[in-house]
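Q: coords below, sequence missing:
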């Protein structure tokens, strides 16, 4: 007997599963953005389990599994309360109407290099520093550009006149020297830093602990508008998320990660500014503190950071740039001595990296990091700068000193 087969092929469950995987492997750009908007709202940052889940499965598959509750226990704990809340499409629509945007890791604008420090720290076991799933952004500045060589200036809300003046002067000088200034848009030192940067023509970036549409703090709404015009305002919270104390502590990791160094101008013994400084140190970033009057309660935190060797004392723009490792970026005064060697203008980390590079044979970046004691991500950032300055050069086996400047 001849067996008659249907003209329609028999698609088994395995084939369907394969088709689903193939479709999920190639989501559209809009699907990816929508998924990341949902994931931003479904868990309270930093949500390390969710971040790892997204990295493993991709945002579209991860979002769908979160909705269904088909996730590991750690992800379930982070997402259970909000997994059925669907507002991502509305958030994206409202953002587009307001001139805001959602910047995601798939975008060219994503500041991948500085945020890598969060992933590295998480891998080392540092808690509560997982990288963001995406970032809501308001303003004309591109994130991948404005983070280059940026400096965070943070400090007390109840700042003294001395502290606000110092923060504004430092921010003004840094912007004039080409560095963007990041802060948190709060009263006191934050606001003074933003105003100083704006007076110099910007750019400056505010990282918020609430949604972009909340208008917090109320007294700085006008300031935040000006920041958006000359820089950017950033948040990982959906647009209408209200402020909360824990959210400001969580956003401090972004201030630390997105900048090359953090300057604490004034801080009490227990303050958010010290939290930012501690996070910056845990991420391998440079931490600096400005000294104040010996009897000032608002400078106690700065003095403790300096005394305990958790921060480098700085009192000028030149010292900030030198400490961060700016190569040739500091504006020298006429009375300053002329450099005797090509390396005289290098900051401490840049000098250590240069000294760890061999004069004759190429050295891999990993070996340079080990020899210099400078974190590998920082080494990889400094080597191209040293190359542009003519101090090192690439070769087949890594990096070596330029012969003209080897002495």
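A: Looks like it came in fine. Nothing here was measured: the structure is a model prediction, and the numbers come from that model.

Q: how about the strands of the stretch 251-400 of the chain, start to end?
A: 261-264, 286-289, 312-313, 392-395, 398-401 (DSSP state E, counting those that start in this stretch).

Q: Adding mean neighbour count, mean pLDDT and distance to residue 160, write the ones you listed out as a markdown table.
A: C-beta coordinates here come from the backbone N, C-alpha and C atoms, glycine included. Below are these laid out as a markdown table (neighbours: other Cβ atoms under 10 Å; pLDDT from 0 to 100; distance: least, Cβ to Cβ, whole Å):
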| stretch | mean neighbour count | mean pLDDT | distance to residue 160 |
| --- | --- | --- | --- |
| strand 261-264 | 30 | 95 | 14 |
| strand 286-289 | 26 | 94 | 15 |
| strand 312-313 | 17 | 94 | 18 |
| strand 392-395 | 16 | 88 | 44 |
| strand 398-401 | 20 | 88 | 46 |
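
Q: Make JSON lines out of these and add distance to residue 352.
A: Output for these, formatted as JSON lines (distance: least, Cβ to Cβ, whole Å):
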{"stretch": "strand 261-264", "distance to residue 352": "15"}
{"stretch": "strand 286-289", "distance to residue 352": "13"}
{"stretch": "strand 312-313", "distance to residue 352": "14"}
{"stretch": "strand 392-395", "distance to residue 352": "13"}
{"stretch": "strand 398-401", "distance to residue 352": "14"}
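
Q: So which of the ones you listed is nearest residue 214?
A: strand 261-264 (24.6 Å; Cβ to Cβ).

Q: so what does the closest one touch, helix or strand wise?
A: Strand 261-264 sits against strand 151-154, helix 272-282, strand 286-289, helix 300-307, helix 317-324, with contacts defined as 3 or more Cβ pairs under 8 Å, 6 or more residues apart in numbering; DSSP states H and E.

Q: Would you mind listing the outside residues contacting that strand?
A: Applying Cβ atoms under 8 Å, 6 or more residues apart in numbering, the external contacts of strand 261-264 come out as 151-155, 170, 255-256, 273-274, 276-277, 280, 285-290, 301-302, 305, 311, 314, 320, 323-324.

Q: cool, and stretch 122-135?
A: Contacting residues not belonging to stretch 122-135 are listed as 36-37, 39-40, 45-48, 50-52, 54, 59, 102-105, 115, 118-119, 121, 143, 234-236, 250, 253-254, 257, 279, 282-283 [Cβ under 8 Å, 6+ apart].

Q: how about a cut-off of 6 Å?
A: 36, 39-40, 46, 48, 51, 102-104, 115, 118-119, 121, 234, 236, 253, 282 (Cβ atoms under 6 Å, 6 or more residues apart in numbering).

Q: How far away from the center of its chain is it?
A: Remark: stretch 122-135 is offset 11 Å from the chain centroid, using Cα atoms, centre = their mean, to the nearest Å.

Q: Now that stretch: average pLDDT?
A: For stretch 122-135, mean pLDDT is 93.

Q: Mind listing what's buried along it?
A: Buried residues in stretch 122-135, counted by 16 or more other Cβ atoms under 10 Å: 122, 126, 129, 130, 131, 132, 133, 134, 135.

Q: Just give me the closest of the residues you listed to residue 81.
A: Using Cβ to Cβ, the buried residues of stretch 122-135 come closest to residue 81 at residue 133, 16.7 Å.

Q: Tell me where this protein is predicted with low confidence.
A: Under the criterion of pLDDT under 70, the regions of the chain flagged as low confidence span 1-25, 326-341, 344, 403-407.

Q: picking that back up, which one of the strands of the stretch 251-400 of the chain lies nearest to residue 365?
A: When the strands of the stretch 251-400 of the chain are compared by Cβ to Cβ, strand 398-401 sits nearest residue 365, at 7.0 Å.

Q: Okay, and the beta partners of residue 206?
A: residue 183, residue 233 (DSSP bridges).

Q: and it, how far is that from residue 280?
A: 17 Å (Cβ to Cβ, to the nearest Å).

Q: Ok, residue 251 next?
A: As judged by Cβ to Cβ, residue 251 and residue 280 stand 13 Å apart.

Q: Settle it for me: which of the two has more neighbours?
A: Neighbours were counted for residue 251 and for residue 280 using other Cβ atoms under 10 Å; residue 280 has more, 29 against 24.

Q: Could you list which residues are in contact with the more buried one?
A: The neighbourhood of residue 280, defined by Cβ under 6 Å, 6+ apart, consists of 256, 262, 287.

Q: Return the most buried member of the helices and strands packed on strand 261-264.
A: Stretch with highest mean neighbour count among those: strand 151-154 (a mean of 31; mean count of other Cβ atoms under 10 Å).

Q: Quick check, residue 138 in contact with residue 233.
A: Yes. If you go by Cβ atoms under 6 Å, residue 138 and residue 233 touch, sitting 4.5 Å apart.

Q: Find the residue closest to residue 148 in space, skipping its chain neighbours.
A: Residue nearest to residue 148 in three dimensions, not counting chain neighbours: residue 180, with 7.8 Å by Cβ to Cβ, 6 or more residues apart in numbering.

Q: and the residue sitting nearest the centre point of the chain, how far is that from residue 308?
A: In the chain, the residue lying closest to the centroid (Cα atoms, centre = their mean) is residue 258, at 2.1 Å. Plainly put, residue 258 is 25 Å away from residue 308 if you go by Cβ to Cβ.

Q: try residue 363
A: According to Cβ to Cβ, residue 363 and residue 308 sit 34 Å apart.

Q: who's more crowded, the two?
A: For the pair residue 363 and residue 308, the greater number of neighbours falls to residue 363 (21 against 8), based on other Cβ under 10 Å.

Q: Okay then, goodbye and thanks.
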